[in-house]
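Peer 1: sequence and predicted structure are below.
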Amino acid sequence: MSEKKINILYVDDEENNLVSFKAVFRIKYQVFTAIDTIEAMKILEAEPVEIIITDQRMPNMTGTQFLEKVLERFPDPMRILLTGYSDISAVTEAVNKGKIYHYLTKPWNEEELDATIKRAFEAYEANQQLKEMNDKLAVSNGQLEFLLRQRLLS
């Protein structure tokens with residue numbers, strides 16, 4: 001893993017959960033917290049975030065709805081859903097619509113959540129490398145096509 005701290009956004013409408021999360025993970029990670037989805041979107045616009053962790057049950061929209069919105073503008077961060085409810089339809093919806101990486105129940109277990117964050121970041125880095133390689137391949141293909149056209153025309 002790189003020297004840079006992983007940037008994590010944690011969204012939860014319960015202040016105590018935000019404080020607890022930050023207290024546990026602030027030394028290891030760069031933690032941003034948001035009490036609602038509006039604040040969360042402002043943070044995403046201002047800060048590069050690799051991992052988003054959100055509660056499912058919030059007043060203005062569910063975590064799944066929030067992650068759907070995030071996907072439209074910020075497709076790269078890995079998404080983790082936390083919920084205290086064992087609502088399988090919410091989990092299914094989160095997987096299908098919010099394209100979540102992982103689902104955990106509340107109250108979260110520190111070791112399990114930490115391990116999930118690490119795996120999510122490894123997946124994030126692999127996705128970024130793949131994206132970079134695809135971009136290089138597209139440039140190479142463009143150059144090759146140009147050279148072939150030049151040859152055909154001469």
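Peer 2: Structure received. All of these numbers come straight from a predicted model, not from anything done at the bench. Numbering: from 1, shown residues only.

Peer 1: can you map out the strands along this structure?
Peer 2: 7-11, 30-34, 51-55, 78-83, 102-105 (DSSP state E).

Peer 1: who does the second one pair up with?
Peer 2: Each strand that pairs with strand 30-34, with its direction, by DSSP bridges: strand 7-11 (parallel).

Peer 1: quick one: the strand it pairs with to chain centroid distance?
Peer 2: A distance of 8 Å separates the centroid of the chain from that of strand 7-11, by C-alpha atoms, centre = their mean, to the nearest Å.

Peer 1: for the strands of the chain, which one sits closest to residue 127?
Peer 2: For residue 127, the closest of the strands of the chain is strand 78-83, at 8.2 Å, according to C-beta to C-beta. C-beta here means a position set from N, CA and C on the backbone, and glycine is covered the same way.

Peer 1: residue 26 - how many residues pack around it?
Peer 2: 13 (other C-beta atoms under 10 Å).

Peer 1: residue contacts, residue 52?
Peer 2: Listed by C-beta atoms under 8 Å, 6 or more residues apart in numbering, the contact set of residue 52 reads 8, 9, 11, 40, 44, 67, 70, 77, 78, 79, 80.

Peer 1: if we go to 10 Å?
Peer 2: 7-11, 32, 34, 40, 43-44, 63, 66-67, 70, 74, 77-81, 98, 100-101, 120 (C-beta atoms under 10 Å, 6 or more residues apart in numbering).

Peer 1: so can I have TSV of the strands of the chain showing mean pLDDT and distance to residue 22?
Peer 2: TSV is the format used below for those (pLDDT from 0 to 100; distance: least, C-beta to C-beta, whole Å):
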stretch	mean pLDDT	distance to residue 22
strand 7-11	98	8
strand 30-34	97	5
strand 51-55	96	12
strand 78-83	91	15
strand 102-105	83	17
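
Peer 1: tell me which of these sits nearest to residue 137.
Peer 2: Of all the strands of the chain, strand 78-83 comes closest under C-beta to C-beta, at 23.5 Å.

Peer 1: so what does that closest one touch, helix or strand wise?
Peer 2: Strand 78-83 makes packing contacts with strand 7-11, strand 51-55, helix 63-73, helix 88-97, strand 102-105, helix 110-153 when contacts are defined by 3 or more C-beta pairs under 10 Å, 6 or more residues apart in numbering; DSSP states H and E.

Peer 1: in the shortest one, which residues are buried?
Peer 2: In other words, strand 102-105. 102, 103 (16 or more other C-beta atoms under 10 Å).
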